[in-house]
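**Q** Sequence and predicted model, in that order:
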Amino acid sequence: MKQLIPPPSTEAIGTLLEVLAPGSTVNAICPLMGSFSNSTYLVEVDSATGTRTRIVVRRYAEFGEYDRTEKARREYKTLELLQAHR
C-alpha cells in the first residue's frame with residue numbers, strides 16, 4: 001500500500017518525545033499498513049534510562065475543511081475503551 005503522507009521527521013518525533021518521554025531518542029520510524037486515507041507509523045524509541053519502547057504515530061490526511069481533531073478524539077477514545085477491556 002502506498003503511503004499517502006510522508007513519514008514524520010526524526011526532528012518532529014523528537015519534539016513529541018520532549019512531551020511524552022523527555023530524554024528519549026528516536027531509534028526507528030516504520031510505516032504500518034492498513035489505512036486508506038491516513039498514515040500510521042511505528043516509532044521505536046530509547047528512553048533516557050536505556051529502555052527501548054514503541055509508540056504509534058498517526059498522521060491525518062487533509063481534506064478541505066474537514067475537522068481532523070474530532071476524528072483523532074474519537075479514535076483515541078476507542079483505543080482507551082479497548083485498552084480498558086483487554
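**A** Now that the structure is in, tell me what you want to look at.

**Q** Every contact and neighbour count from this point should use C-alpha atoms.
**A** Noted.

**Q** now the helices for the protein?
**A** Using DSSP state H, the helices of the chain run over 10-20, 68-84.

**Q** Go ahead and confirm residue 42 touches residue 54.
**A** Yes: when contacts are counted by CA atoms under 8 Å, residue 42 is listed as touching residue 54 (6.6 Å).

**Q** Redo the helices of the chain as a markdown table? Include mean neighbour count, distance to residue 26 and mean pLDDT.
**A** Converted to a markdown table, those look like this (neighbours: other CA atoms under 10 Å; distance: least, CA to CA, whole Å; pLDDT from 0 to 100):
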| stretch | mean neighbour count | distance to residue 26 | mean pLDDT |
| --- | --- | --- | --- |
| helix 10-20 | 13 | 7 | 91 |
| helix 68-84 | 11 | 23 | 87 |
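
**Q** Columns distance to residue 28 on top of those helices, output as JSON lines?
**A** Putting the helices of the chain into JSON lines (distance: least, CA to CA, whole Å) gives the following:
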{"stretch": "helix 10-20", "distance to residue 28": "9"}
{"stretch": "helix 68-84", "distance to residue 28": "23"}
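
**Q** nearest to residue 59, of these?
**A** helix 68-84 (9.6 Å; CA to CA).

**Q** What are the contacting residues of that closest one?
**A** 60, 62 (CA atoms under 8 Å, 6 or more residues apart in numbering).

**Q** Go again with 10 Å.
**A** 58, 59, 60, 61, 62 (CA atoms under 10 Å, 6 or more residues apart in numbering).

**Q** how about the residue nearest in space to the middle of the chain, what does it touch?
**A** Taking CA atoms, centre = their mean, the centroid of the chain lies closest to residue 57, which sits 0.6 Å from it. If you count contacts by CA under 10 Å, 6+ apart, residue 57 has them with 7, 8, 13, 16, 29, 31, 32, 39, 40, 41, 42, 43.
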